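Peer 1: structure for the following, please:
(one chain, ligands or ions: 1)
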Amino acid sequence: MANDIRGAEAQSDRTEISAGFAPADLPAGTSRTIQLSAGREIALYNVNGEFYASENLCPHQGAPLAEGTLCEYVVECGLHGWQFDVRTGDCLTVPEKIQTFEVLLEEGLIKIVL
Ligand code: FES
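Peer 2: Below you'll find the predicted structure:
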């Protein structure tokens, strides 16, 4: 499921975006695609109540990681099975890495720091 961003605010050298929904709307063990402008996508994960975010496109052949399988801190790409640690972005399958982003819970909403 994809969500559109509902607001953006710039703070000095970083930008916080709202995921547009409350933490309770992303149950533990699930993930969701967040659509940014210009076609950019973020994958947002709930690991036992802790939220993590990464770029969404798998560096192998571009499958959306938010549609992969999330098991604890590891997301497995649904296309060929590459695995990534959502905390660090480290690939556990090959020497690769995906970008990760800080996630904040503020005023009852999820915010991602770009
Ligand atoms: S596209 Fe993700 S492992 Fe191939």
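
Peer 1: okay, now G39: neighbour count?
Peer 2: 6 (other Cβ atoms under 10 Å). Using the backbone N, CA and C atoms, a C-beta is placed for each residue, glycine as well.

Peer 1: do the same with the one 10 residues further on
Peer 2: The local packing of G49 (other Cβ under 10 Å) involves 9 other residues.

Peer 1: how long is stretch 57-64 end to end?
Peer 2: With Cα to Cα, to the nearest Å as the measure, stretch 57-64 spans 5 Å from end to end.

Peer 1: let me fix that: stretch 37-46
Peer 2: 23 Å.

Peer 1: tell me which parts of the chain are close to the ligand?
Peer 2: 58, 60-61, 63, 77, 79-82 (Cβ under 6 Å from any ligand atom).

Peer 1: can you list those residues in a markdown table and add pLDDT?
Peer 2: Converted to a markdown table, these look like this (pLDDT from 0 to 100):
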| residue | pLDDT |
| --- | --- |
| C58 | 98 |
| H60 | 98 |
| Q61 | 98 |
| A63 | 98 |
| C77 | 98 |
| L79 | 98 |
| H80 | 98 |
| G81 | 98 |
| W82 | 98 |
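
Peer 1: in ChimeraX, select just the buried ones from those.
Peer 2: Under the burial definition 16 or more other Cβ atoms under 10 Å, those of those that qualify are selected in ChimeraX by:
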select :58,63,77,82
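
Peer 1: I'd say A53 and Y45 touch.
Peer 2: Yes. Taking Cβ atoms under 8 Å as the definition, A53 is a contact partner of Y45 at 7.2 Å.

Peer 1: so what touches stretch 45-65?
Peer 2: Identification of contacts with stretch 45-65 by Cβ atoms under 8 Å, 6 or more residues apart in numbering yields 23, 26-31, 33-34, 41-44, 66, 68, 70, 72-73, 75, 77-80, 82, 84, 86-87, 89, 91, 94, 96, 98-103, 105, 110, 112.

Peer 1: same check, this time on stretch 101-113
Peer 2: 14-23, 26, 34, 42, 44, 51-54, 114.
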